[in-house]
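Undergrad: Predicted structure and sequence below. I'll ask about it afterward.
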Amino acid sequence: MALKSNLDLAFDCDNFPYYSDSPEIYLAKLAEYYHFKLEGCDATLGYMPARIATQMPINKHWSRDDERKTLTFQPRDDEGAPVVDFESRNWILADFLYEVREKKIFQVLNGWRSERFPIYGPQKETLLSMERSATPLFGVVTYGVHMTGYVETDQGLKIWAPRRALNKQTYPGMMDNTVAGGLAIGEKPFECLIREAEEEASLPADLVRTAQACGAVTYFLVRDPKAGGETDLCQPEVEYVYDLKMPPEITPQPSDNEAIDFQLLTIEEVKDAMAAGKFKPNCAHVLLDFFMRHGILTPENEPDYVEILAKVHRRLEFPTI
């Protein structure tokens with residue numbers, strides 16, 4: 001297998017077409033999808049493959065327009081009146097998705113997490129909460145945290161990288177960032193980081209609180225078979241990134257069966273693993289950002305530097321917080 005360039009790695013994660021690159025390709029791709037909408041909100045909240053939208057069961061809480069290619073959530077009470085209360089419409093959505101899961105219509109729901117992710121509107125308002133495993137079906141923006149734990153040595157920087165458990169539904173056996181996790185509704189990024197660091201890597205909270213917030217990476221991933229479940233699902237994401245300088249005597253340890261082990265790798269070893277396609281796509285994306293911020297990847301040694309930089313910070317076409 002040919003080695004991947006840094007630009008290849010950026011494309012692996014941010015692979016939905018750009019209108020500015022080719023309007024024809026972008027519009028042809030977009031024609032394969034339905035727009036997920038919420039009644040009363042003009043914005044499109046996500047893209048759904050046509051085969052997914054047309055398989056979704058329709059009841060009084062949903063309407064599908066095959067001409068306009070929209071699937072609209074329109075929660076109703078027992079009398080048929082619109083439900084505008086936030087908690088009530090979330091329970092309606094949760095009950096619906098649970099029923100869909102029980103009918104075994106979509107493979108991706110086999111990874112049911114019992115975690116709810118927020119969906120935001122054009123004014124940054126929280127419109128809905130949705131079961132985590134269902135978010136790719138509707139193509140909504142999700143949020144998470146990724147932390148790179150590194151050690152300064154006489155041989156230069158080294159990075160702690162775990163290998164994902166072989167029984168994980170998504171990207172089994174691939175390499176990951178030191179700590180990563182999804183943001184549940186109502187959770188703050190740094191709170192999530194401290195929780196995930198303890199759960200995934202057995203890192204003490206006092207150490208993790210010294211991590212530096214370093215912005216965010218954004219991308220629009222179209223899922224392939226390695227992601228688990230149906231292919232061509234849209235997964236636009238915002239990942240808040242953190243760096244943690246770790247003392248040499250601290251070794252991350254798996255504690256929740258999410259990882260097989262942790263390896264302390266040199267920068268060259270990390271680069272080689274990335275080029276060989278061993279890292280989960282969004283983790284390679286985060287590492288590209290780390291390399292650029294730390295002067296490892298520069299305009300002098302990377303001819304595609306500006307394009308990579310742009311793809312690591314994509315402007316998403318849906319409402320975000």
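TA: It's in.
Undergrad: Can you tell me the closest non-neighbouring residue to L297?
TA: Excluding its sequence neighbours, the residue lying closest to L297 (Cβ to Cβ, 6 or more residues apart in numbering) is F291, at 3.8 Å. The way it works is simple: take the backbone N, C-alpha and C, and place the C-beta from them, glycine included.
Undergrad: Now the one you found: which helix or strand?
TA: F291 is part of helix 281-293, with elements assigned from DSSP states H and E.
Undergrad: Tabulate the CA atom coordinates of that helix in CSV.
TA: Extracted in CSV, the C-alpha atoms of helix 281-293 (Å, rounded to 0.1, in the frame of the first residue of the first chain):
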residue,chain,number,x,y,z
PRO,A,281,-8.6,9.7,10.5
ASN,A,282,-9.6,12.4,12.9
CYS,A,283,-6.7,11.6,15.2
ALA,A,284,-4.3,12.1,12.3
HIS,A,285,-6.1,15.3,11.6
VAL,A,286,-5.5,16.5,15.2
LEU,A,287,-1.8,15.5,14.9
LEU,A,288,-1.4,17.5,11.7
ASP,A,289,-2.6,20.5,13.7
PHE,A,290,-0.2,19.6,16.6
PHE,A,291,2.7,19.4,14.1
MET,A,292,1.9,22.8,12.6
ARG,A,293,1.5,24.5,16.0
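Undergrad: State the next helix or strand along the chain beyond that helix.
TA: Of the helices and strands lying after helix 281-293 in sequence (DSSP H and E), the nearest is helix 305-312.
Undergrad: still on that earlier bit, buried stuff in the helix holding F291?
TA: Residues 281-292 are the ones in helix 281-293 that count as buried (16 or more other Cβ atoms under 10 Å).
Undergrad: likewise stretch 3-16?
TA: Counting neighbours by 16+ other Cβ under 10 Å, one finds that the buried residues in stretch 3-16 are 4, 6-7, 9-14, 16.
Undergrad: all strands of the stretch 201-321 of the chain, in order?
TA: For the stretch 201-321 of the chain, strands defined by DSSP state E, counting those that start in this stretch occupy the ranges 212-222, 234-245, 259-266.
Undergrad: just these: most buried one?
TA: Mean neighbour count, computed with mean count of other Cβ atoms under 10 Å, is highest for strand 234-245 among the strands of the stretch 201-321 of the chain, reaching a mean of 21.
Undergrad: Given that strand, what are its sheet partners and their directions?
TA: Applying DSSP bridges to the sheet, strand 234-245 is found paired with strand 142-153 (parallel), strand 212-222 (antiparallel).
Undergrad: Okay, angle between the first one and helix 281-293 too, please.
TA: Spelled out, that is strand 142-153. Between the axes of strand 142-153 and helix 281-293, defined by axes from the mean of the first three to the mean of the last three Cα atoms, to 10 degrees, the angle is 50 degrees.
Undergrad: And for the last one?
TA: For strand 212-222 against helix 281-293, the angle by the same axes, to 10 degrees is 140 degrees.
Undergrad: ok, residues contacting strand 212-222?
TA: With contact meaning Cβ atoms under 8 Å, 6 or more residues apart in numbering, strand 212-222 is reached by 13-16, 146, 189-190, 227, 232-244, 281-282, 285-286, 289, 293, 311-317.
Undergrad: tell me the helices in the protein, going along the chain?
TA: 6-13, 23-30, 50-55, 86-102, 135-138, 189-201, 205-208, 267-275, 281-293, 305-312 (DSSP state H).
Undergrad: Which of those helices sits closest to G40?
TA: The closest approach between G40 and any of these, judged by Cβ to Cβ, belongs to helix 86-102 at 10.2 Å.
Undergrad: For that closest one, list every residue counted as buried.
TA: Neighbour-count burial for helix 86-102 flags 89-90, 92-94, 96-97, 100-101 (criterion: 16+ other Cβ under 10 Å).
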